[in-house]
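sequence unavailable; structure follows:
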């Protein structure tokens with residue numbers, strides 16, 4: 001098994017960028033389309049779908065074969081799992097996290113796509129950091145020392161600035177200046193929120209969990225931080241009067257894909273959740289069984 005670099009997501013190790021000359025490739029592509037009126041809310045692919053019908057592709061997906069992948073197979077480097085997973089679990093929301101050192105002498109701003117919400121009462125979020133405590137990133141160091149951070153949601157109107165904060169700057173270098181983004185005061189925590197962000201969450205550190213490699217026993221490979229949201233900040237033109245719903249056409253979130261690819265909000269569709277009692281009256285009861293053949 002080959003030698004691995006200390007940081008599993010280091011650019012020289014992962015080789016995310018597939019283009020030798022990215023700017024040349026980018027210049028050959030169509031320009032950014034800023035016409036949001038072109039987006040629409042459509043029907044689902046099959047509005048007539050019925051309970052028990054299965055896929056909407058006329059079973060075409062059943063004709064393909066799958067290959068089994070053992071994440072811990074001998075000779076398989078962990079970076080292969082990383083590249084596979086970030087290309088499969090998509091799109092991922094990006095937690096744009098602001099922290100400051102305990103003494104307030106330095107601040108940090110960085111994006112993390114190992115991020116999501118896991119509860120609402122209380123509001124709970126998780127964020128994953130590659131590498132163990134012994135190689136903690138600036139954000140994790142500050143989070144550990146201050147027990148707080150601000151999570152901002154990245155929108156289209158500052159995506160380039162947000163991406164610039166992923167630079168491998170040494171500890172103590174402020175990504176705020178690199179990005180040109182503007183700090184705004186929070187209410188409960190000392191770290192700043194991003195003023196350009198449509199939605200931000202002030203968070204307190206609830207708990208952490210460190211993970212150990214399955215391949216190289218004893219080597220710590222990641223830390224999961226559980227955060228509790230203690231204050232929300234929403235831009236007035238994006239939130240409704242009841243302050244319980246954000247307009248997706250205003251927040252215009254950016255999602256993380258694999259490699260160096262990102263996604264933006266495109267066409268949407270609505271699909272209500274079925275209610276068992278109502279469906280059972282209308283459909284064949286043969287669909288409501290305790291086990292399906294082949295399980």
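Alright, I've got the coordinates. All values reported here derive from a predicted model rather than from experimental measurement.

show me what contacts residue 235?
By C-beta atoms under 8 Å, 6 or more residues apart in numbering, the residues touching residue 235 are 198-199, 250. (C-beta placed from N, C-alpha, C; glycine too.)

got a quick PyMOL command for the buried subset of the residues you listed?
The buried residues among those can be selected in PyMOL (16 or more other C-beta atoms under 10 Å) with this line:
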select buried, resi 198+199
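
and the contacts of residue 235, which is closest to residue 120?
Comparing those against residue 120 with C-beta to C-beta places residue 199 closest, at 14.5 Å.

distance of the closest one relative to residue 292?
40 Å (C-beta to C-beta, to the nearest Å).

can you tell me how far residue 146 is from residue 94?
Distance from residue 146 to residue 94, by C-beta to C-beta: 22 Å.

can you check residue 53 too?
For residue 53 relative to residue 94 (C-beta to C-beta), the value is 35 Å.

swap in residue 62?
The value you get for residue 62 to residue 94, if C-beta to C-beta is used, is 34 Å.

next: residue 221.
21 Å.

the two: which has the busier surroundings?
residue 94 (23 against 19; other C-beta atoms under 10 Å).

test my guess that that one contacts residue 116.
No. With contacts counted by C-beta atoms under 8 Å, residue 94 stays clear of residue 116, the gap being 10.2 Å.

show me what counts as buried in stretch 27-44.
Neighbour counts over stretch 27-44 (16+ other C-beta under 10 Å) mark residue 39 as buried.

what pLDDT is listed against residue 5?
On pLDDT, residue 5 comes in at 40.

center of this protein, which residue is that?
By C-alpha atoms, centre = their mean, the chain has its centre lying nearest to residue 93, at 2.9 Å.

now it: how far from residue 55?
26 Å.

just residue 266 next, same as before
22 Å.

quick one, strands of the stretch 151-295 of the chain?
Counting by DSSP state E, counting those that start in this stretch, one finds strands in the stretch 151-295 of the chain at the ranges 183-184, 193-194, 199-212, 220-234, 254-256, 262-264, 268-269.

regarding residue 144, what is its secondary structure?
helix (DSSP: H, G, I helix; E, B strand; the rest coil).

number of residues surrounding it?
Residue 144, neighbours per other C-beta under 10 Å, totals 16.

contacting residues for it?
So residue 144 contacts 133, 136, 205, 208 (C-beta under 8 Å, 6+ apart).

mind doing that once more with 10 Å?
Residues in contact with residue 144 (C-beta atoms under 10 Å, 6 or more residues apart in numbering) are 99, 102, 133, 136, 205, 208, 223, 225.

lowest pLDDT pick from these?
residue 136 (80).

phi and psi next, for that residue.
Here is the backbone geometry of residue 136 (degrees, to the nearest 10): phi -60, psi 140.

and it, how close does it get to residue 115?
Distance, residue 136 to residue 115, by C-beta to C-beta: 17 Å.

ok, the two, which is more surrounded?
Using other C-beta under 10 Å as the criterion, residue 136 and residue 115 rank with residue 115 on top: 21 against 17.

what bridges to the more buried one?
Counting by DSSP bridges, residue 115 forms beta bridges with residue 127.

pass me the low-pLDDT residue ranges in the stretch 151-295 of the chain, would you?
283-284 (pLDDT under 70).

separation between residue 230 and residue 200?
Residue 230 is 12 Å from residue 200, by C-beta to C-beta.

between those two, which has more neighbouring residues?
When residue 230 and residue 200 are compared for neighbours, residue 200 comes out ahead with 25 against 16, by other C-beta under 10 Å.

got the contact list for that one?
96, 98, 150-153, 184, 186, 192-194, 229, 231-235.

6 Å instead?
150, 152, 193, 233 (C-beta atoms under 6 Å, 6 or more residues apart in numbering).

quick one: it from residue 194, how far?
With C-beta to C-beta as the criterion, residue 200 and residue 194 are 6 Å apart.

overlap of the contact sets of these two?
residue 152.

and stretch 23-30, what's its mean pLDDT?
78.

gap between residue 62 and residue 54?
From residue 62 to residue 54 the distance is 9 Å (C-beta to C-beta).
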